[in-house]
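Engineer: sharing a model that was predicted from the sequence below.
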Amino acid sequence: MFPPAQQLDIDARAISGITGSISIACWIVVFSPQIIANFRRGSAEGLSLAFLIVWLVGDVFNVLGAVLQGVLPTMVMLAVYYTLADIVLLFQCLYYNRVNSHNASLLPVSNGSATVVDGSHLSPATPLLDPAKEPIQAEPQGLTKSIFFNAFSILMVCLAGALGWWASNRYSDSDPPVKGDGDDLSFSVLGQAFGYFCAVLYLASRVPQILLNYRRQSCEGISLLFFLFACIGNMTYVVSILAYVPHSEDGPGQEYRRYIAVNASWLLGSVGTLFLDLIIFAQFFWYKSTEEEYESSSEDDG
């Protein structure tokens, strides 16, 4: 992705800059909801380790491809940040899995030995069953609050990205690009190879998570906001690439085709993972509705 124009006119370059800044803002905070969710639950059971490991390897190749292809230093630093954040999330999951596995091994196991049975429960004064407790009803507005919180979080992050673009244009001292200056669109074979391998890894990373959700018939333990930020980050990143029109001495059509070819691997990775994330969204709502139907039928049977 290349720097936006310095004019405040909302043209194609401005759209590229705004969506690019929003994409950066989304990717900066993308891991936070899942890390917080794991911390609150004290568990990372809902996340597939294969998903995180393959994503981490993809991030590493993303860094290598970005450096070799010669993209903006900001994008290289962000790629490094993604890698570090992914490592934090992976180690958090490994820690909770180890702790929970250790705690489970400490649970007492019956060895068949005789046990002294207290006969007080046979007393007429002591009921056989505990008094029925009133079922705790789910808060009626819980879903509404969750939707509002997610929408508000997304709005704030997108607004921060747009304001970041506006501030960079307002206070930047550099002159706007003019036709003939030329953007560096050198084609690095090794950088492209890493870029395409990174795209394949990003696509493959979602498959273990989709399969885990299917086997569990649940998305419990996964932060919906985590995947929302990933989807919006991918969408705005694709728009930022497609909307940008590079300037050079060559014809605009020829230069744009070369520009798309240079960024094709990153486009493939973003569009592909966006499609797979939509499948995870479908699982979220499908399994949620299935669980609600099951709970409703259980209450009716009771």
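Structural biologist: Nice, thanks for sending it over. Numbers count the residues shown, from 1 in each chain.
Engineer: for the stretch 101-250 of the chain, what spans make up the helices?
Structural biologist: All helices of the stretch 101-250 of the chain, identified by DSSP state H, counting those that start in this stretch, fall at 142-170, 189-216, 224-243.
Engineer: which neighbouring elements make contact with the longest one?
Structural biologist: Read it as helix 142-170. Here helix 142-170 is seen to pack against helix 12-29, helix 224-243 when contacts are counted using 3 or more C-beta pairs under 8 Å, 6 or more residues apart in numbering; DSSP states H and E. Placement of C-beta: from N, CA and C, glycine included.
Engineer: any idea which of the helices of the stretch 101-250 of the chain gets closest to V60?
Structural biologist: The closest of these to V60 is helix 189-216. By C-beta to C-beta, the value is 8.3 Å.
Engineer: could you check the angle that closest one makes with helix 224-243?
Structural biologist: With axes from the mean of the first three to the mean of the last three C-alpha atoms, to 10 degrees defining the directions, helix 189-216 sits at 150 degrees from helix 224-243.
Engineer: among the helices of the stretch 101-250 of the chain, which is the most enclosed?
Structural biologist: Of all these, helix 224-243 has the most neighbours on average by mean count of other C-beta atoms under 10 Å, namely a mean of 21.
Engineer: need the residues that contact it.
Structural biologist: By C-beta atoms under 8 Å, 6 or more residues apart in numbering, the surrounding residues in contact with helix 224-243 are 1, 12-13, 15-17, 19-20, 22-23, 26-27, 29-31, 33-34, 37, 146, 150, 153-154, 157-158, 161, 260, 263, 266-267, 270-271, 273-274, 277-278, 280-281, 284.
Engineer: that one relative to helix 12-29, how many degrees between them?
Structural biologist: Using the same axes, to 10 degrees: helix 224-243 against helix 12-29 is 150 degrees.
Engineer: quick one, the helix or strand following helix 224-243 and helix 189-216 angle?
Structural biologist: Using DSSP states H and E, the helix or strand that follows helix 224-243 towards the C-terminus is helix 252-262. Compare the direction of helix 252-262 with that of helix 189-216 by the same axes, to 10 degrees and you get 60 degrees.
Engineer: now do the helix or strand following helix 252-262 and helix 224-243, the angle between them.
Structural biologist: Next helix or strand after helix 252-262 toward the C-terminus (DSSP H and E): helix 264-301. With the same axes, to 10 degrees applied, the angle from helix 264-301 to helix 224-243 works out at 150 degrees.
Engineer: now, of the contacts of helix 224-243, which are buried?
Structural biologist: For these, a neighbour count by 16 or more other C-beta atoms under 10 Å gives the buried set as 1, 13, 15-17, 19-20, 22-23, 26-27, 29-31, 33-34, 37, 150, 153-154, 157-158, 161, 263, 266-267, 270, 273-274, 277, 280, 284.
Engineer: for the helices and strands packed on helix 142-170, which one sits closest to W165?
Structural biologist: Of all the helices and strands packed on helix 142-170, helix 12-29 sits nearest to W165, with 3.9 Å by C-beta to C-beta.
Engineer: which elements pack onto the closest one?
Structural biologist: helix 73-105, helix 142-170, helix 224-243.
Engineer: in a markdown table, list the helices of the stretch 101-250 of the chain along with mean pLDDT and distance to G70.
Structural biologist: Output for the helices of the stretch 101-250 of the chain, formatted as a markdown table (pLDDT from 0 to 100; distance: least, C-beta to C-beta, whole Å):
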| stretch | mean pLDDT | distance to G70 |
| --- | --- | --- |
| helix 142-170 | 88 | 21 |
| helix 189-216 | 91 | 7 |
| helix 224-243 | 91 | 16 |
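Engineer: reformat these as JSON lines; add distance to Q254.
Structural biologist: Listed next are the helices of the stretch 101-250 of the chain as JSON lines, based on distance: least, C-beta to C-beta, whole Å:
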{"stretch": "helix 142-170", "distance to Q254": "28"}
{"stretch": "helix 189-216", "distance to Q254": "19"}
{"stretch": "helix 224-243", "distance to Q254": "17"}
